[in-house]
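Enquirer: next one to model:
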Amino acid sequence: MSAAQPQPQPPQLRSYQSRVIKDLYVKLGQGYRRVAIIAGTGAGKTVIGGKICADTAARGLRLMFLVHLDVLVGQTYEKMQAFGLRCGFIKAGWREDPDAPIQIASIQTMEKRSWWRDWPAQVVFFDEGHTTVFSQIGQEMIYKTHPRAVHLAMTATPYRLGREQLGDHMQSFVSTPVPSELQRLGFLATMQYYGVPSDSQIDLSGVRTVAGDFDERDLRNACDQPALVRRIVEEWQRLTPGKRTIAFCVDVEHARHVAEAFQAVGVAAAVVEGGTPIKERQQLYRDLGSGWLQVLTSCNVISIGFDEPSVEVGLLLRPTQSRALHYQQIGRVMRISPASGKKFGIILDQANNLKRLGFPEDIQEYRLPTRQEPGSSEAKPTKQCPDCNRLVWGFVMACPSCSYRWESQPQIQTQDLVEVYSEELLRQIERRKMSDFFRVQRQRAFREGAAPNWAKRLFFERFNCSPEADWCLGSIFGDQPSLQDRYAYRDYLVKIAQQQGKSIAWVVEEFQQEFGFDSWQEVFFPQEK
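Expert: Next comes the predicted model:
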């Protein structure tokens, strides 16, 4: 007898992934039948979707899983296999199995089949819901063939071009944390952004808008210019040489020209496009991940379904008015990759999409847009520092890099890409400055024998708010204080307490703020030897 095949080990869910699934089940328990699941790029949409499918199958229910790209069929099936699920397929070249509890279906193939209309799905799962929900097949399943089923729409970006929005078809939503929170938790890479000033941007004055986005034929003429292609290669060499890079281009010819420009300067580059066979496409992705290939240029292929965490740089070379596309492209670079030594992601934006559509880190909360409230896509104004060439938000009065202060906004131009600060990054910079100021004042108070509250008072006078409590930890003696440091701080606090009539409880509390909650007993009550 042959040895039994080992059972697959389902992926371990992160705490927020488990929470969003629990939130979904609460919504369904409240009676909602159409729910959107918003999970930004890198939040683990396929893992969340796989767990929902596994739970559905465990309850003996049938689920139809809709994808809109052929390449996503294989990726989806891999996740289903990880959960040990039996699947059938509605996709040319894949085995049909109508008895399987889960059907992975390509909406293109569904247009050529008919049996799925009678397949008794109790749950319909729309992958990339901002696209699949609005397809003819998606609308048919929601309102005609399976109106009584539960409909779940997974998306990284709920906004879409056009009047109709996801909230017009979904009744409610659940969501993972926003990108800035996932960065803080260490699940997404921090980002650096570089944009171009007005004299180096793509000229869109002759580009028409068709169906809510820039016309591709007009974009080809505007973007596929030898000078612009040469310029982005030069900026890549200046800012990000040797880093794994993906480039988002207008069309296949544009992608080829960009790859050829990199090859001309000795950089290993290749093109992936819709006609690239799946096996060849996967090999290109592996070559990029291994570092053998440094630059991979693309046209509407790696915006969705591409999963190579080691990629460090994204080149935005195609102007767009679609926030969904914009965030998806940036998201390709936001994945963490400890194995490759990746420290952060970098975006070089020749298309001016950052000014037009903003930064993922600036998302404060998710919501479900409707045609009445589609969500504004207006970009915040930016300005360039005349001293160091940083681009910052228009409301900033002091450059976070060199401290230049604006009295009025001059018109400055440069030929180089310059770093753009997201609103979230500016908040982090300001918070760091506030923390540094407070820590310096605490050190000074200790040296001069002043009370700890003296530092808090100075902080309030400067910033008109109170310092955060965790800024006290290690502010005077650092992360590895000696026992003598602790004794010295104890004696300092006891002296202040005697001068001001403070209790021993105050002394212990202040001591804990500097050294932590478990650090006081050995200093205040040393063991006798």
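
Enquirer: from here on, just use CA atoms for contacts and neighbour counts.
Expert: Fine.

Enquirer: distance check, Q136 against E111.
Expert: Using C-alpha to C-alpha, to the nearest Å, Q136 is found at 9 Å from E111.

Enquirer: my guess is G345 meets Q192, correct?
Expert: Yes - using C-alpha atoms under 8 Å, G345 is in contact with Q192, at 6.3 Å.

Enquirer: so where is the protein shaky, pLDDT-wise?
Expert: 1-8, 70-71, 197-200, 303-305, 373-396, 399-402, 406-426, 519, 525-529 (pLDDT under 70).

Enquirer: domain assignment for it?
Expert: Following automatic domain parsing, the chain resolves into domains at 15-176, 183-363, 427-524.

Enquirer: for those domains, give me a markdown table that also has distance to A398 and mean neighbour count.
Expert: Shown next, in a markdown table, are these (distance: least, C-alpha to C-alpha, whole Å; neighbours: other C-alpha atoms under 10 Å):
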| stretch | distance to A398 | mean neighbour count |
| --- | --- | --- |
| domain 15-176 | 32 | 19 |
| domain 183-363 | 19 | 19 |
| domain 427-524 | 11 | 15 |
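
Enquirer: quick one: closest of the ones you listed to Q372.
Expert: Among the domains of the chain, domain 15-176 comes nearest to Q372, with 8.4 Å by C-alpha to C-alpha.

Enquirer: now do the end-to-end distance for the closest one.
Expert: 10 Å.

Enquirer: i'd like the first residue to be 322 from this point on
Expert: Renumbered: residue one is now 322, and that last one reads domain 336-497.

Enquirer: in a markdown table, list the domains of the chain along with distance to R726.
Expert: Shown next, in a markdown table, are those (distance: least, C-alpha to C-alpha, whole Å):
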| stretch | distance to R726 |
| --- | --- |
| domain 336-497 | 36 |
| domain 504-684 | 20 |
| domain 748-845 | 15 |
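
Enquirer: out of these, flag the one nearest T691.
Expert: Among these, domain 336-497 sits nearest to T691 (C-alpha to C-alpha), with 4.6 Å.

Enquirer: distance between stretch 549-564 and the chain's centre?
Expert: Mean-position distance between stretch 549-564 and its chain equals 24 Å (C-alpha atoms, centre = their mean, to the nearest Å).

Enquirer: same check on stretch 531-540?
Expert: Worked out by C-alpha atoms, centre = their mean, stretch 531-540 lies 26 Å from the chain centre.

Enquirer: same question, stretch 414-430
Expert: Relative to its parent chain, stretch 414-430 has a centroid offset of 31 Å by C-alpha atoms, centre = their mean.

Enquirer: ok, and what's touching that stretch?
Expert: Residues outside stretch 414-430 that contact it (C-alpha atoms under 8 Å, 6 or more residues apart in numbering) are 374, 378, 381-391, 394, 397-398, 406-413, 440, 453, 456, 458.

Enquirer: please name every helix or strand in contact with the biggest helix by length in the chain.
Expert: When the chain is parsed with DSSP state H, its longest helix is helix 744-769. Packing partners of helix 744-769 (3 or more C-alpha pairs under 8 Å, 6 or more residues apart in numbering; DSSP states H and E): helix 773-784.

Enquirer: let's go with 10 Å and repeat that
Expert: Where contact means 3 or more C-alpha pairs under 10 Å, 6 or more residues apart in numbering; DSSP states H and E, helix 744-769 is packed against strand 712-714, helix 773-784, helix 804-821.

Enquirer: now the angle between helix 804-821 and that helix, please.
Expert: Helix 744-769 and helix 804-821 are oriented at 80 degrees to each other (axes from the mean of the first three to the mean of the last three C-alpha atoms, to 10 degrees).

Enquirer: now render the helices and strands packed on helix 744-769 as JSON lines, adding distance to A766.
Expert: Listed next are the helices and strands packed on helix 744-769 as JSON lines, based on distance: least, C-alpha to C-alpha, whole Å:
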{"stretch": "strand 712-714", "distance to A766": "35"}
{"stretch": "helix 773-784", "distance to A766": "6"}
{"stretch": "helix 804-821", "distance to A766": "10"}
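
Enquirer: closest one to W841 among the ones you listed?
Expert: Across the helices and strands packed on helix 744-769, closest to W841 is helix 804-821 (C-alpha to C-alpha), at 8.4 Å.

Enquirer: against which helices or strands is the following helix or strand past the closest one packed?
Expert: Downstream of helix 804-821, the next assigned helix or strand under DSSP states H and E is helix 825-836. With contacts defined as 3+ C-alpha pairs under 10 Å, 6+ apart, the packing partners of helix 825-836 are helix 804-821, helix 842-845.

Enquirer: out of the ones you listed, nearest to V634?
Expert: Closest of the helices and strands packed on helix 825-836 to V634 is helix 804-821, at 44.8 Å (criterion: C-alpha to C-alpha).

Enquirer: for the closest one, name the packing helices and strands.
Expert: Applying 3+ C-alpha pairs under 10 Å, 6+ apart, one finds that helix 804-821 contacts helix 744-769, helix 825-836, helix 842-845.

Enquirer: give me the contact list for it.
Expert: Outside helix 804-821, the residues that touch it by C-alpha atoms under 10 Å, 6 or more residues apart in numbering are 767-768, 770-773, 797-798, 803, 822-829, 831-832, 835-836, 840-841, 843-845.

Enquirer: chain center to that helix: distance?
Expert: Using C-alpha atoms, centre = their mean, the offset of helix 804-821 from its chain centre is 46 Å.
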